[in-house]
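Colleague: What follows is a predicted protein model with its sequence.
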Amino acid sequence: MLGDSSPCSVKVDSVTVEVGGTVILRNLSFEVKGGLVAFIGPNGSGKTTLLRALAGVLEYSGSISICGLDARRARRIISYVPAFLQVDPYAKIEDVIEAYLYDVRSPMNLRSFLEHFKLERFQGRRFNSLSSGEHKLVLIAGALARNPRVLLLDEPFSHLDLANQAKIARLLKDVSKSITTIITVHEPIYASLANTVGVLSSGELVALGRPEEVVRRELLERIYGVELEEVSLGSRSLLIPSL
């Protein structure tokens, strides 16, 4: 669909991020190559900071390699979608998508691209007139218009209804076949969709592996400090807070 056919590796080596004298990430090291990678962890654990460091927009010590390039020199092959994005109230969705292309040349016709993502009905509308779910779709479409090797999405499922959550989940599964896709999530069920899951706690990486190895009741109870129940859902199990 999009992206280079060969998987792109993301290598993080002894990365520490300090902001205002507070250490947000501490000595992180890991490597992933291709597929869908999800990072979970409590609020304040460093998930957003990690994505910003990977995107090369936040200073850090240590090294981050994106497809063999230093993260700060790899911006043209990276697309980053933050959890919240303030946009000029007069901006149209075409403006938002084209803003993602300021430093790259995209061979794609904008109209065709909107049709590909079933967004053509919104052409000409102001971005801020759309729903939260439609916002997410437009931003992800803009990020993909860059034809990136690595896609970084901060909380792509937040503030979405069930239909849009399912739409985003299907899109990410499809995109991650050709683009290394790294997301942050709060819900264990969405972490379970990934090929690789990392768990952050107090700025440290406490686990990294396949979902069945990492999305486990004992570990998540310890990390989140809450009692969980395991509910069977067909051939899968779902972890929910014990009420």
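Modeller: Arrived safely.

Colleague: Would you mind pulling the contact partners of the helix or strand hosting residue 238?
Modeller: Counting by DSSP states H and E, the element that carries residue 238 is strand 236-241. With contact meaning C-beta atoms under 8 Å, 6 or more residues apart in numbering, strand 236-241 is reached by 188-189, 192, 215, 217, 220, 226-232. (Glycine included, C-beta is placed from N, CA and C.)

Colleague: tell me which of the residues you listed is nearest to residue 94?
Modeller: residue 189 (34.1 Å; C-beta to C-beta).

Colleague: Just to be sure, the closest one is in a strand?
Modeller: No. Using DSSP: H, G, I helix; E, B strand; the rest coil, the assignment for residue 189 is helix, not a strand.

Colleague: nearest spatial neighbour of it, skipping sequence neighbours?
Modeller: Nearest non-adjacent residue to residue 189, counting by C-beta to C-beta, 6 or more residues apart in numbering: residue 238, 5.8 Å away.

Colleague: in the sheet, who's paired with the one you found?
Modeller: residue 231 (DSSP bridges).

Colleague: That one: neighbouring residues, count only.
Modeller: For residue 238, the count of nearby residues is 16 (other C-beta atoms under 10 Å).

Colleague: Phi first, then psi, for residue 197.
Modeller: phi -130, psi 130 (degrees, to the nearest 10).

Colleague: So it versus residue 92, what's the distance?
Modeller: Here residue 197 is placed at a distance of 37 Å from residue 92 (C-beta to C-beta, to the nearest Å).

Colleague: and these two? which has more neighbours close in?
Modeller: residue 197 (25 against 18).

Colleague: The more buried one pairs with what?
Modeller: residue 38, residue 209.

Colleague: before we move on, back to that, selection in PyMOL covering whichever of the contacts of strand 236-241 are buried, please.
Modeller: Command for PyMOL that selects the buried part of those, burial taken from 16 or more other C-beta atoms under 10 Å:
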select buried, resi 188+189+192+215+220+228
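
Colleague: pretty sure residue 38 is touching residue 189, no?
Modeller: No. Counting by C-beta atoms under 8 Å, residue 38 sits too far from residue 189 to count as a contact (10.6 Å).

Colleague: one step back: okay if I get the contacts of strand 236-241 as JSON lines plus distance to residue 78 and pLDDT?
Modeller: Converted to JSON lines, the contacts of strand 236-241 look like this (distance: C-beta to C-beta, whole Å; pLDDT from 0 to 100):
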{"residue": "188", "distance to residue 78": "27", "pLDDT": "85"}
{"residue": "189", "distance to residue 78": "27", "pLDDT": "85"}
{"residue": "192", "distance to residue 78": "25", "pLDDT": "87"}
{"residue": "215", "distance to residue 78": "26", "pLDDT": "88"}
{"residue": "217", "distance to residue 78": "34", "pLDDT": "88"}
{"residue": "220", "distance to residue 78": "29", "pLDDT": "89"}
{"residue": "226", "distance to residue 78": "34", "pLDDT": "86"}
{"residue": "227", "distance to residue 78": "39", "pLDDT": "87"}
{"residue": "228", "distance to residue 78": "34", "pLDDT": "86"}
{"residue": "229", "distance to residue 78": "38", "pLDDT": "83"}
{"residue": "230", "distance to residue 78": "37", "pLDDT": "79"}
{"residue": "231", "distance to residue 78": "37", "pLDDT": "80"}
{"residue": "232", "distance to residue 78": "39", "pLDDT": "72"}
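
Colleague: Could you point out which of the contacts of strand 236-241 is nearest to residue 151?
Modeller: Nearest to residue 151, judged by C-beta to C-beta, of the contacts of strand 236-241 is residue 192 at 19.2 Å.

Colleague: which non-adjacent residue is nearest that closest one?
Modeller: residue 211 (4.6 Å).

Colleague: How about the contacts made by the one you found?
Modeller: Applying C-beta under 8 Å, 6+ apart, the residues near residue 211 are 191, 192, 193, 194, 197.
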